[in-house]
Structure formats: structure tokens, C-alpha cells
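**Student:** below: sequence and its predicted model.
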Amino acid sequence: MEKDAALMEKIISFAKRKGFIYPGSEIYGGMAGMYDFGPYGVELLNNLKKEWWKEYVQRRDNYVGLDSAMFKDPRVWEASGHTGGFSDPLSECRKCNTRIRVDKELGKIGVTADEKMSESDLNALFDEHKAKIKCPKCGAHDFTPVRAFNLLVKTNMGDFTGTNEEPVYLPGEACQGIYLNFKNVVDTTRVKVPFGIVQIGKAFRNEISPRNFLFRTRELEQADTQFFVKPHENKEAYDRIKEERWAWYLKMGIREENLKWKQHENLVFYAKDAWDIEYNFPSYGFDELEGIHDRTDYDLTQHMKHSGTDLNYTDPFTGEKYIPWILETSVGLGRMFLAFISDAYTEDELNGEPRTVLKLSRELAPIKVAVFPLLKNKPELVAKAREVFSMLKEEMMCEWDDNGNIGKRYRRQDEIGTPACVTIDFETLEDNTVTVRDRDTGEQKRVAIADLMAALK
Ligand code: ATP
């Protein structure tokens, strides 16, 4: 894959031009770390969510879904450790006031800053290497001392005094709702340990430097699975979960050479193991796509302590009581979207002509089929095409296009990843067959309208 800055720029402008991603609040000049999903973007995003959800809630009988409220009792974030420890090390350029995230800048020059480091040790490490770190904006090497910057976003929800002394936070991560409802799910459904709860939910982080398009944003959406196991019965399930997440990306069409495993060197104190699936992002290379964490009983124990509610699980067969351990997978849908669109973005030649084509799997493609009347000024062709279009629309996302020559219409659909185009021509009026053209090969074949739905599926 092209690794120069140009490829990322190309994908950003392509995503905007084709209605996938728009910069947030653009008419006001844009807002850092915010993006809006356009008409094709929201289809791709929804398809990613749908496929991910299907993988767990539909295909497996030991996973259930959940959708918890974004606003939560502020004590939740104390229990989870977010009000105290959910911070990134911040420093500011003394020349132009640009803020940098110190651990990431150190990482770029090959120096690892341990998450557990005290502020003074981190400052010492930063001082040692400062000369090699440049301000990304003005190039200076003159920075303020490092301080921990908390990423939680506060709101004034329910604050009628105007003092905001007890702020309610936006979620720093989506998974907390799962822990809060562990007992509810056990009490009201037929799940038994080992089982999983999954959720897709929004999270907000006051990221110091949102960057790399959808990779690091301040508003994000996370798809989480939390799998509850008996204490110490984590290893086998963890290995299985890792394998399954890797296989899911391949099944959905990501090229294996663009994925890599990375084990965390510095584990948080409660974790047993942590791995990231990294993706080879355009222009900046391999970086975290999804985290897979073996979290022991930390989450439920913390919520039990802070809420005073017993979160022990009672084994229905043995009567044994314990706090289950949790195996988590967590992926940002923006990062996932960026990985899929980057992987699918292809510039190739078809019949000697250059084209851009988004080689998304059929499940993920925003539009499944486009319908074209050969000529828009022939009412009988248009009427027949409308008939076919109406039939298909009931079953799948379709697009109508009667504008320009057929070649141009094919190119437009190739760019947004539509796997098939159907053309209604004069032959259709005689024998009720249509031309179906394949996105990847450009091959065309005649298919009877009666068989069209099955052929497309
Ligand atoms: P990083 O080290 O990159 O800040 P993290 O390790 O804090 O990320 P987690 O808290 O484990 O990330 O979040 C789980 C997943 O959520 C990540 O793997 C990533 O896909 C996604 N994610 C986290 N922060 C962001 C963000 N600011 N923008 C987009 N996606 C994010």
C-alpha cells in the first residue's frame, strides 16, 4: 500500500467528494476531532454495525445485546477509575501553544513511556529526549512541563444551580453500561456464565490532539463485547476471542497483510493480558484498531464496592458464588470505518481505462445495486426500469441513475463500491432480461428479471 502522506489526503478528499465523510461543523470553519457521516458513509457505518452485531447476537447463543443510557451516575466514573486516572500526558509548545501528547511524541522516536509512570519520572524522561521532539506546528523544541490531562468530558446535565460542582460526565468509554447491567441481564434472561454482553455506544474524550482523520476523534462510537467467565477460566476463552476477532476482519474483507498483533508491554495493575489488533493505516502505518483485554474481576468488583450492590454470580448448578472475570474486545467504529475504506480504496484499470473503485464486500457496500434505464428519453425503458427498481428496493439499498452514458454511470457506482449494476435496454422489453454488470471484473451477463433477486444476492 502507498505509504506517503498523499494516500491519506486522497482518501480524505475522496470520502468528502463521494458523500462518505464531511468535516464536522464545516460551514462554521470545522471543529477539531469531529466528523459527520454523509449519505454513503452512514450506510457503510450501519453495515459495519449490523455485521458486527450479527456476529454475536444473532449467530451465537451465548451473547446478548444491550443499549445503555449515555448519562450515568457520576460515581460510575469514580469506580471505573476514570475521574482519577483517565488522563494523557500533556505539554504545550512555548512558542506557538500547540498541545502535544507526550507519550505519543516519545513513541515516535522509539521511547516508551510507561502508563504507570509518576509525573516527575515522565518529566525526567521527557527532558532527556526533548531535544529530539519537534512541535508538529512550528518545529520548536521548547515545551512546558508535562501534566496529566483528564479526558472525561463534563456536562451540566441536571445542574440547576449553575455551579457545575457535581458534573455529570459523557461516557469516556461505552462498556461501563454493560457492567452496570450485568446483574439485570443475569436476573432477567437465561444466560449462564460463560456468556457475553455486547453494546455499540458513543464515547467522548477530550483528546489532546485529535489527528489522522477518523483515527483519533473527540466523539467516537465503540463496539464492545464483554465476555464473563469463571475466575481463572480465562486463558482458553481469551485465545478463542482473539482468534475470532482476527477472523472477523478477514471475513469482512480486510487484507491479512494489513493486520498485525501487538501485545501490551505495560499492563494496568488489574489486567492479565492485553493485545491490540493493529491495522496498516494509510500514510502512518500500523496502529491500534481494536483492543482485546483480559480484565480479571476488576470492573465488577469496583462497581460492587462503589454501589454497595452485590454483583456476585451464583452458579445455578453448583451454588458456587463468585465475581466473574471479564474478557473485553473494544473497537472504535470510526477507526474500523477508516480501515475498511482504506483497504477497499483501489485505483486500477478496467478495459484499458483508469478508474477508482471501492472494493467493499457486498455486505458492507452502501448501495447493493444500481438500476439504469439505457436511455432516459424513452418512456417505455424508463417505466420498465422503474418496475425493476421498485421490486429491488424492497429488499436492498438501490440507486437509480439515468444520467450520462452507461460507462460514466458504471464509474460512479464503482467509486462508491456498488457490487452490481442492472441496465434495462430494448432487449428487456422483448424478453424480460436485463444486463447485470459486475464491479470487480466488469463482466456483463443477461439475467431474467424473474431470477434477478437471487442472482444479486
Ligand atoms: P489510544 O491509546 O489510541 O488512545 P486506547 O488504548 O485509549 O487508545 P481504548 O480505551 O482501549 O483505546 O479504546 C478502545 C478502542 O476505541 C480503541 O482500540 C480504538 O479503536 C477506539 N478509540 C479509542 N480512542 C479513540 C479516539 N479518540 N478516536 C477514535 N477511536 C478511538
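**Tutor:** Here it is on my side, so go on. Residues are numbered from 1 along each chain as shown.
**Student:** show me what residue of the stretch 301-450 of the chain gets nearest to the ligand.
**Tutor:** residue 332 (2.7 Å; C-beta to the nearest ligand atom). In this view, the C-beta of every residue, glycine as well, is placed from N, C-alpha and C.
**Student:** and that residue, how many neighbours?
**Tutor:** The number of residues packed near residue 332 is 22, by other C-beta atoms under 10 Å.
**Student:** which residue packs closest to it, ignoring adjacent ones?
**Tutor:** Of all residues not flanking residue 332 in the chain, residue 220 sits nearest, at 4.9 Å (C-beta to C-beta, 6 or more residues apart in numbering).
**Student:** centre of the chain to the host helix or strand of the one you found, how far?
**Tutor:** Using DSSP states H and E, residue 220 sits in strand 219-229. Once both centres are worked out by C-alpha atoms, centre = their mean, to the nearest Å, strand 219-229 turns out to sit 11 Å from its chain's centre.
**Student:** tell me if it is near the ligand.
**Tutor:** Yes. Shown here: strand 219-229 in contact with the ligand (C-beta under 6 Å from any ligand atom) through 220, 222.
**Student:** touching, residue 410 and residue 435? I think so.
**Tutor:** No. Taking contacts as C-beta atoms under 8 Å, residue 410 lies outside contact range of residue 435: 10.9 Å.
**Student:** so between those two, which is more surrounded?
**Tutor:** Neighbours were counted for residue 410 and for residue 435 using other C-beta under 10 Å; residue 410 has more, 23 against 18.
**Student:** so the more buried one belongs to a helix, correct?
**Tutor:** Yes. Applying DSSP: H, G, I helix; E, B strand; the rest coil, one finds residue 410 inside a helix.
**Student:** list the contacts for it?
**Tutor:** 421, 437, 442 (C-beta atoms under 8 Å, 6 or more residues apart in numbering).
**Student:** which parts of the stretch 201-350 of the chain sit against the ligand?
**Tutor:** Residues of the stretch 201-350 of the chain lying near the ligand (C-beta under 6 Å from any ligand atom): 205, 207, 216-217, 220, 222, 288-291, 330-332, 334-335.
**Student:** at 5 Å what do you get?
**Tutor:** Within the stretch 201-350 of the chain, the positions adjacent to the ligand are 207, 216-217, 220, 288, 291, 330-332, 334-335 by C-beta under 5 Å from any ligand atom.
**Student:** next step: those residues restricted to helices.
**Tutor:** Using DSSP state H, 334-335 are the members of these that sit in helices.
**Student:** can you redo the residues of the stretch 201-350 of the chain next to the ligand as JSON lines with pLDDT and distance to residue 392?
**Tutor:** Shown next, in JSON lines, are those (pLDDT from 0 to 100; distance: C-beta to C-beta, whole Å):
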{"residue": "207", "pLDDT": "93", "distance to residue 392": "42"}
{"residue": "216", "pLDDT": "95", "distance to residue 392": "39"}
{"residue": "217", "pLDDT": "96", "distance to residue 392": "35"}
{"residue": "220", "pLDDT": "97", "distance to residue 392": "34"}
{"residue": "288", "pLDDT": "97", "distance to residue 392": "39"}
{"residue": "291", "pLDDT": "98", "distance to residue 392": "40"}
{"residue": "330", "pLDDT": "98", "distance to residue 392": "37"}
{"residue": "331", "pLDDT": "98", "distance to residue 392": "32"}
{"residue": "332", "pLDDT": "98", "distance to residue 392": "33"}
{"residue": "334", "pLDDT": "98", "distance to residue 392": "31"}
{"residue": "335", "pLDDT": "98", "distance to residue 392": "33"}
